[in-house]
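Student: test case, fold it:
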Amino acid sequence: MLIFRQLFDQQSSTYTYLLADSVTGEAVLIDPVFEQVRRETALIEELGLRLLYTIDTHVHADHVTGAWMLKRHTGSQIAISAASGAEGADRYLSHGDRCEFGARHLQVRATPGHTNGCISLVLDDETLAFTGDCLLIRGTGRTDFQHGDARAMFRAVHQQIFTLPNTCLLYPAHDYRGLTVTSVGEERHFNPRLGGELCEDDFSVHMTNLRLPHPKQIDVAVPANLKCGLATRDPTQMAEPEWAPLTYTFAGIWEINPQWLEENLRAVQIVDVREPDEFDGALGRIPAARLISLGDLADRAAELTKERPIVTVCRAGGRSAQATVILRQAGFEAVANLAGGMLRWRAEGRVVENASG
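Tutor: Residues are numbered from 1 along each chain as shown. This next block holds a predicted model:
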């Protein structure tokens, strides 16, 4: 079975796509964003996948790719078009190549026009295709910089994308209106730039007169992406917290290992966010834990010190996860959640006070 996830970066309106073979766990990631590498890494780990490749559909001008950072963290290989001009990739893709993951593969189709190194990726059974910045939902990528060519784009769309089955779902690299997916049949009929009976000349004139401003990040993004995202900024952005061995979840929460916590109770502030009757109830409490119920935490955060890390705890780990968000909003950086809460703590036989159950 195919594992498929569509992920979104709000800052650049970029879609990133994760595809994996559920039997082998082998995966590929299309168009990763640098700032979202931690999120993507957490998802891959939670799903038990092994990332084989990151594939950029082109040299992006509006964000920096996460390809290099993902290679650094997961050992994945970097793939990009041979026509892109990018340095530092492990694999340079040409029209007709296949990127395999488990029993599945993506076929590479050259779709230049937005840039001269744009590619689209078609799933082996032609049910899904990833069109990068070539064909968007009821639109197309721009063609006025990075060796763009409106006529080349028109031909690429008609020859490489519109030749797919009408039912083939199309996933673009961007959408600025919250739209997520379209189909070949829809775009053939309804795309206002090149659908229906519009010809190449119509499209060329339309694209010439768009008069769009250059992307805000172009001066940073293009040079960085020509190096596959290498050393775009301080790599410590992805550094793990040093005060304890923590795990970052796809939900965006840092979690702490119960064993480490039990061995280091006095090195941290333990904030129990349950209600008073729970704090004194059957599950007991962790020694040295301080009761500040979740509803009171925002108002009482100033009672805590920023000199020592904070571990939040509740019955099952849900309220305490929200507590880490509240504390970070209050300016506390060294914060982690005890996943599974007191239920897990008791199930593992760890030390408690005041337990009656």
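Student: show me the shaky parts of this structure.
Tutor: Scanning the chain for pLDDT under 70 picks out the ranges 231-239, 356-357.
Student: which stretches in it count as helices?
Tutor: Using DSSP state H, the helices of the chain run over 37-46, 67-74, 150-156, 184-190, 200-208, 218-225, 258-263, 276-279, 294-300, 318-329, 341-347.
Student: out of those, flag the one nearest Tyr53.
Tutor: Closest to Tyr53 of the helices of the chain is helix 67-74 (CB to CB; 9.2 Å). Every residue, glycine included, has its C-beta placed from N, CA and C.
Student: now do that closest one and helix 218-225, the angle between them.
Tutor: 50 degrees (axes from the mean of the first three to the mean of the last three CA atoms, to 10 degrees).
Student: buried residues in helix 67-74, which are they?
Tutor: Ala67, Trp68, Met69, Leu70, Lys71, His73, Thr74 (16 or more other CB atoms under 10 Å).
Student: what about the nearest residue in space to the second one that is not next to it in sequence, neighbour count?
Tutor: Read that as Trp68. Closest residue to Trp68 apart from its sequence neighbours, by CB to CB, 6 or more residues apart in numbering: Gly229 at 3.9 Å. Using other CB atoms under 10 Å, Gly229 has 30 other residues around it.
Student: Thr140 and Gly113, how far apart?
Tutor: Distance of Thr140 to Gly113, given as CB to CB, to the nearest Å: 8 Å.
Student: overlap in contacts, the two.
Tutor: Shared contacts of Thr140 and Gly113, defined by CB atoms under 8 Å, 6 or more residues apart in numbering, are found at Cys134, Met153, Val157.
Student: these two touch, right, Leu70 and Gln36?
Tutor: No. Leu70 is beyond contact range of Gln36, at 10.0 Å (criterion: CB atoms under 8 Å).
Student: thinking again about what came up before, just put the shared contacts of Thr140 and Gly113 in JSON lines and tack on distance to Ala42 and neighbour count.
Tutor: Formatted as JSON lines, the shared contacts of Thr140 and Gly113 follow (distance: CB to CB, whole Å; neighbours: other CB atoms under 10 Å):
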{"residue": "Cys134", "distance to Ala42": "30", "neighbour count": "29"}
{"residue": "Met153", "distance to Ala42": "36", "neighbour count": "29"}
{"residue": "Val157", "distance to Ala42": "35", "neighbour count": "25"}
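Student: against Ala339, how distant is the spatially closest residue to Leu43 that is not a sequence neighbour?
Tutor: Counting by CB to CB, 6+ apart, the nearest residue to Leu43 once its immediate chain neighbours are dropped is Phe250, at 4.5 Å. Phe250 sits 13 Å away from Ala339, going by CB to CB.
Student: could you do Ala267 as well?
Tutor: Distance from Ala267 to Ala339, by CB to CB: 19 Å.
Student: ok, Ile310 next?
Tutor: In terms of CB to CB, Ile310 sits 15 Å off from Ala339.
Student: equivalent analysis for Arg72, please.
Tutor: 26 Å.
Student: for Ile218, same thing?
Tutor: 41 Å.
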